[in-house]
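Enquirer: need a structure here:
(one chain, ligands or ions: 1)
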Amino acid sequence: MDWGLKNRLSSIIKPHNNRALMLAVDHGYFLGPTEKLENPKKVIAPLLKHCDSLMLTRGVQRTSVPAETDTPMVLRVSGGSSIIGDDLSQEDITVSIQDAIRLNASALAMSIFVGSKYEYQTVVNLGKLVSEAEQYGIPVLAVTAVGKELGKDARYLSLACRMAAEQGAHIVKTYYCENFEKVVESCPVPIIVAGGKKIPERDALQLTYNAVKAGAVGVDMGRNIWQSDHPVAMIRATRAIIHQNANVDQAFKLYKKLAAEDSNRKQKSKGKKPNQNKSKGKKPNQNKSKGKKPNQNKSKGKKPNQNKSKGKKPNQNKSNKPQNKPQPKNN
Ligand code: 5RP
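Expert: Predicted structure coming up:
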């Protein structure tokens, strides 16, 4: 293995314990403004120092991560289909190697959809990406995506992980399942586990513990961290399992302690500004324009609920967020 590739890999999987804590914030590439990741900059800021690496798209990296960070970036370079489109598996490589280098990527990430209509395209793309990335000493992380129609058992995941490794992927990201040891045993490169959809914090910590115990190097977790009410507490508890060999009870105890501190802090900062009004002496609900009756409308003659933009139906949403769309297939 070339020095550069080894060096980049060792910034993602820590060589002293062969463990990795990756924070995934790439969901928007097919889900748009995912719940609680609507503003990636705000989500990433407090978590950045607690993860070993950050998995994201180039758009989020450029707009939402300070370039001064020393956290390694795992850059997603595949995409092309959305949650509301015909087929999520129709992905291609969307980022050039030159741009990945400009972004100082420590690894490139892409999904393969084994068993789907676009299996061939995504697996061939993985092989090509590995060939290209290796020329520059950049490792590739292959994500074995799962969908409704694809399995999530040890048999399917072993097939998908092994195929990714055979194409030359340096790390494989997959889902935890029963008999996960079998998936790990038959994959010759390190396996990192995705968190999946949000579950109670203790269960997510249990998943992390089980995955590591079964041989995974760690987790590449997203929703179970930033969809928690206490993301920093959650990432620190997850970290305790991965890097301090904490068991689930110890990690959950840490989560609860940090979560309580977080709640107290939020409560205190709320308490400091109880409806604090800038202009002193004003009574609550005091209206700027004297003499106006409540609900008095500026533009005379307008009927209540009359909408500025003609033709708009009530509750029509400005942003076309697919919030009520079907559940993401790859959970
Ligand atoms: C989607 C991805 C996500 O990064 C992955 O699903 C990890 O996030 P989560 O823990 O929320 O599942 O690669 O294809």
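Enquirer: how long is stretch 85-93 end to end?
Expert: 18 Å (C-alpha to C-alpha, to the nearest Å).
Enquirer: For the stretch 201-331 of the chain, what lies in contact range of the ligand?
Expert: Residues of the stretch 201-331 of the chain lying close to the ligand by C-beta under 6 Å from any ligand atom are 220-224, 330. Just so you know, the C-beta spots here come from the backbone N, C-alpha and C atoms, and that holds for glycine as well.
Enquirer: which intervals of the stretch 1-150 of the chain have sub-threshold pLDDT?
Expert: 147-150 (pLDDT under 70).
Enquirer: which residues of it fall in strands?
Expert: 20-24, 53-56, 73-76, 78-79, 92-93, 107-112, 140-144 (DSSP state E, counting those that start in this stretch).
Enquirer: and the gap between residue 251 and the ligand?
Expert: 17 Å (C-beta to the nearest ligand atom, to the nearest Å).
Enquirer: now do residue 86
Expert: Taken as C-beta to the nearest ligand atom, the span from residue 86 to the ligand is 18 Å.
Enquirer: what about that residue, neighbour count?
Expert: Other residues lying near residue 86 total 9 when counted by other C-beta atoms under 10 Å.
Enquirer: Report the secondary structure element holding residue 203.
Expert: helix 201-213 (DSSP states H and E).
Enquirer: Off-centre distance for stretch 103-120?
Expert: 16 Å (C-alpha atoms, centre = their mean, to the nearest Å).
Enquirer: List, one by one, the residues from the stretch 51-200 of the chain near the ligand.
Expert: So the stretch 51-200 of the chain meets the ligand at 55, 111, 143, 145, 194-196 (C-beta under 6 Å from any ligand atom).
Enquirer: sorry, back to before: for the strands of the stretch 1-150 of the chain, which one sits closest to residue 240?
Expert: Taking C-beta to C-beta, strand 20-24 is the member of the strands of the stretch 1-150 of the chain nearest to residue 240, at 10.1 Å.
Enquirer: could I get the residues of the stretch 201-331 of the chain next to the ligand as JSON lines with secondary structure, pLDDT and neighbour count?
Expert: Below are those laid out as JSON lines (DSSP: H, G, I helix; E, B strand; the rest coil; pLDDT from 0 to 100; neighbours: other C-beta atoms under 10 Å):
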{"residue": "220", "secondary structure": "strand", "pLDDT": "98", "neighbour count": "28"}
{"residue": "221", "secondary structure": "strand", "pLDDT": "98", "neighbour count": "27"}
{"residue": "222", "secondary structure": "coil", "pLDDT": "98", "neighbour count": "24"}
{"residue": "223", "secondary structure": "helix", "pLDDT": "98", "neighbour count": "22"}
{"residue": "224", "secondary structure": "helix", "pLDDT": "98", "neighbour count": "26"}
{"residue": "330", "secondary structure": "coil", "pLDDT": "40", "neighbour count": "23"}
